[in-house]
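Engineer: this is a predicted model, with the sequence first.
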Amino acid sequence: MTQVPPRLSRTLLGHYHEMMAAYHRSAAHKLPGGKGVIREDAVANFIGTWLSKRYRPHTNVFASAIGGEQLGPELDLVVLDEFHGVAWPIDAGAVNAVVTWEQIRVVVEVKSTLTEDALNKACEAMNEVAAFAERNGDPVPTRLLFAYQIDPELKDDLLYQFEEQGSDSYPFDAFVILPCGVFCSSELNELRWGFASGLAPEKVANDGPSQDRAAWEFGEQTRFARGFRLMGDGSHEETLMALACIVTDAVTDGKSTQALLSALKRVKYFPIS
């Protein structure tokens, strides 16, 4: 008998259609940059659905460190820990803001269509984020690239590079490409291994099937074991589910990950000991 997925997981297809509705509605926007703002807000609204009030998404932000140094590039979307951080709106419509750098937990580059040029520019921005973190002695926030669509000329080459090149080739922890799925760097291996079984990273180390999968990847596919790999089955629902889990894991340091996965998936845990 086919099991019905948990109720919460059934809302994800609705979230996908809401995001794509925002994508298509914004196509007729006349103001410069208007499309981007609407599409970034749709991603921010989705991410905010899965977080407590402590963590708030902000779009179109500039980051300022406690020591006074300012990050150069404008960031499409960040998740800010508002227990300690502050966001100051800098225009009447609160479209843009300055936020405190040290409390940024996640940075997201949002692209309507991922092209080679857009990818290169996103990589430049994220390299600056990493360099800024190093100069200030701070950990690098989780860095994601979200794309509504991907240029067909880029798609095959990029997916090939995800497997054949190490994940250090791109300054992102994960790519979220709606038509293709979520591709995680090796930094998120344990989260990815446990995702299919509804297990958070702390349980993966003691789960037989998860460890079998890890051994197979590192044993049978050593030549590109550290590449970007698909998290989930690539469906629209699992793509957004994976995004929600990655952000939750990043902002809560893993404290809420298992609770969310248990609500989204049928947990299958086979402890080794």
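Structural biologist: Received it, and whenever you're ready, just let me know what you need.

Engineer: does the residue most central in space within the chain sit in a helix, a strand or a coil?
Structural biologist: In the chain, the residue lying closest to the centroid (CA atoms, centre = their mean) is L144, at 4.3 Å. What DSSP: H, G, I helix; E, B strand; the rest coil gives for L144 is strand.

Engineer: right, and it touches V176 too?
Structural biologist: Yes - with contact defined as CB atoms under 8 Å, L144 reaches V176; the gap is 6.0 Å. For the C-beta atoms, the positions are set from N, CA and C on the backbone; glycine is no exception.

Engineer: overlap in contacts, these two.
Structural biologist: L243 (CB atoms under 8 Å, 6 or more residues apart in numbering).

Engineer: report the buried residues of stretch 242-258.
Structural biologist: The neighbour-count check on stretch 242-258 (16 or more other CB atoms under 10 Å) flags 242-252, 256-258 as buried.

Engineer: also stretch 34-41?
Structural biologist: Result for stretch 34-41 [16+ other CB under 10 Å]: buried residues 35-37, 39-41.

Engineer: kindly report the same for stretch 86-93.
Structural biologist: A87.

Engineer: list the contacts of it.
Structural biologist: Contacts for stretch 86-93 (CB under 8 Å, 6+ apart): 56, 58, 61-62, 80, 96-100, 103.

Engineer: pLDDT (mean, whole number) over that stretch?
Structural biologist: Mean pLDDT, stretch 86-93: 82.

Engineer: helices of the stretch 51-200 of the chain, start to end?
Structural biologist: Secondary structure of the stretch 51-200 of the chain (DSSP state H, counting those that start in this stretch): helices located at 116-136, 152-164, 189-195.

Engineer: let's see the second one as CSV, backbone CA atoms only.
Structural biologist: Translated: helix 152-164. In CSV, the C-alpha atoms belonging to helix 152-164 read as follows (Å, rounded to 0.1, in the frame of the first residue of the first chain):
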residue,chain,number,x,y,z
PRO,A,152,19.8,25.4,-21.9
GLU,A,153,23.4,26.1,-23.2
LEU,A,154,24.7,26.1,-19.7
LYS,A,155,22.7,23.3,-18.2
ASP,A,156,24.4,20.2,-19.5
ASP,A,157,27.9,21.7,-19.0
LEU,A,158,27.2,22.8,-15.5
LEU,A,159,25.6,19.5,-14.4
TYR,A,160,28.6,17.7,-15.8
GLN,A,161,31.0,20.0,-14.0
PHE,A,162,29.1,19.4,-10.7
GLU,A,163,30.1,15.7,-10.9
GLU,A,164,33.5,15.9,-12.5
